[in-house]
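*Asks:* Give me the fold of what follows.
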Amino acid sequence: MSLIHYTKSVCSLATLFASSICFADYSNGYAHFGAQSDTIQILGNTVFNQGSFTYEMQIRLEANAPIGQVISEQRDTYEDKTIRLGADGHYTASASASNPNGHNEGQLSNLPAEQWFHLAYVYDGTYTKFYVNGELSATHTSTGVYGDHSGSWMSIGMFRYGAGWGATGAYPSFLGDLDWIRISAGAKYLSNFTAPEETQILSDASTQLLLKFNESAGTAVLYDESSNHFQCNLGVAVSPGVLATSPTLGNLVPAPAASALLALAGLVSRRRRA
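*Replies:* Down below sits the predicted model:
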């Protein structure tokens with residue numbers, strides 16, 4: 001077999017194999033938040049009491065995306081757990097409704113531009129910390145925070161509070177994608193760690209919410225893999241009176257093996273042309 005025929009065969013096989021992996025069960029879905037009104041209403045509330053917690057997700061931000069709501073859970077002075085994030089790394093995060101030590105803001109310096117990254121927001125009872133791809137990026141002292149309330153309002157993306165002290169305007173959603181998101185009771189990460197793959201993200205005794213966004217396009221209610229099985233409604237505001245739209249589903253994240261094989265196919269093809 002000539003070199004040309006060999007390289008053509010390698011290229012074709014790599015492309016074919018990689019494509020078959022992409023369209024088999026080795027890929028996973030993600031939710032695209034393309035409008036600031038995109039939101040997912042979460043009926044029910046998580047159970048943290050006044051203890052520690054971990055929010056973690058695989059996320060990708062659009063270029064130049066302004067700061068926006070990623071996830072929010074709030075109830076008057078009892079509870080305010082919120083993450084807002086922008087493409088330039090600016091964030092605001094809350095672990096408390098009434099204590100100023102529970103409200104923090106800053107800028108994460110190591111966000112990869114327009115790429116998937118693992119983000120963890122951890123409260124250990126004394127400090128709140130942000131980890132990006134397993135590396136500590138920000139730390140705040142957060143003492144005296146409050147935990148949970150049975151009447152809390154919760155959403156991913158756009159948030160509008162409408163209970164207790166009165167309705168607010170719509171806080172706009174972040175712009176980008178979510179591959180999965182998990183909320184756990186307890187501080188899962190106390191120091192730098194190896195960021196997990198989605199196959200390692202499972203529901204356990206501490207899991208309060210777990211969404212993987214593998215549903216098909218047009219799905220109206222997401223499946224929560226935690227034992228709580230919260231109902232998660234796409235395009236529904238937690239409080240009516242504002243525009244609420246649905247993030248899009250049915251998008252696929254190529255499996256690592258498929259991405260590597262597609263890269264190999266491209267490399268072989270470029271060398272053949274050279």
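
*Asks:* all contacts plus neighbour counts: C-alpha atoms, from now on.
*Replies:* Will do.

*Asks:* check contacts around S155.
*Replies:* Counting by CA atoms under 8 Å, 6 or more residues apart in numbering, S155 makes contact with 39-42, 71-73, 237-238.

*Asks:* With just CA atoms, put stretch 54-73 into CSV.
*Replies:* Output in CSV follows, covering the C-alpha atoms of stretch 54-73 (Å, rounded to 0.1, in the frame of the first residue of the first chain):
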residue,chain,number,x,y,z
THR,A,54,-21.0,22.6,47.3
TYR,A,55,-22.3,23.9,44.0
GLU,A,56,-20.4,22.5,41.0
MET,A,57,-20.9,22.4,37.3
GLN,A,58,-19.3,22.0,33.9
ILE,A,59,-19.9,25.4,32.2
ARG,A,60,-18.9,27.3,29.1
LEU,A,61,-19.4,31.1,28.7
GLU,A,62,-20.0,33.0,25.5
ALA,A,63,-17.3,35.5,24.5
ASN,A,64,-17.9,38.9,26.1
ALA,A,65,-20.9,37.6,28.0
PRO,A,66,-22.0,40.1,30.7
ILE,A,67,-22.3,39.0,34.3
GLY,A,68,-25.5,37.0,34.8
GLN,A,69,-27.4,34.6,37.1
VAL,A,70,-26.1,31.0,37.0
ILE,A,71,-28.2,29.7,39.9
SER,A,72,-30.2,31.3,42.6
GLU,A,73,-32.0,30.2,45.8
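
*Asks:* for it, which positions count as buried?
*Replies:* 54-62, 65-73 (16 or more other CA atoms under 10 Å).

*Asks:* now stretch 206-221
*Replies:* Result for stretch 206-221 [16+ other CA under 10 Å]: buried residues 206-215, 221.

*Asks:* Three-state assignment for M57, please.
*Replies:* Using DSSP: H, G, I helix; E, B strand; the rest coil, the secondary structure recorded for M57 is strand.

*Asks:* Spatially nearest residue to it, not counting backbone neighbours?
*Replies:* Of all residues not flanking M57 in the chain, I181 sits nearest, at 4.2 Å (CA to CA, 6 or more residues apart in numbering).

*Asks:* Which strand residues bridge the one you found?
*Replies:* With DSSP bridges applied, I181 shows beta-bridge pairing to M57, L211.

*Asks:* residues near it, how many?
*Replies:* Burial of I181 is recorded as 22 neighbouring residues (other CA atoms under 10 Å).

*Asks:* Then the one 4 residues further on?
*Replies:* Around A185 there are 21 other residues, counting by other CA under 10 Å.

*Asks:* what do you get for the one 5 residues further on?
*Replies:* With neighbours defined by other CA under 10 Å, the count for L190 comes to 12.

*Asks:* wait, is it part of a strand?
*Replies:* No. Counting by three-state DSSP, L190 is not part of a strand but coil.

*Asks:* Tell me who's in contact with it.
*Replies:* D124.

*Asks:* And it, how far from P240?
*Replies:* Distance of L190 to P240, computed by CA to CA, to the nearest Å: 39 Å.
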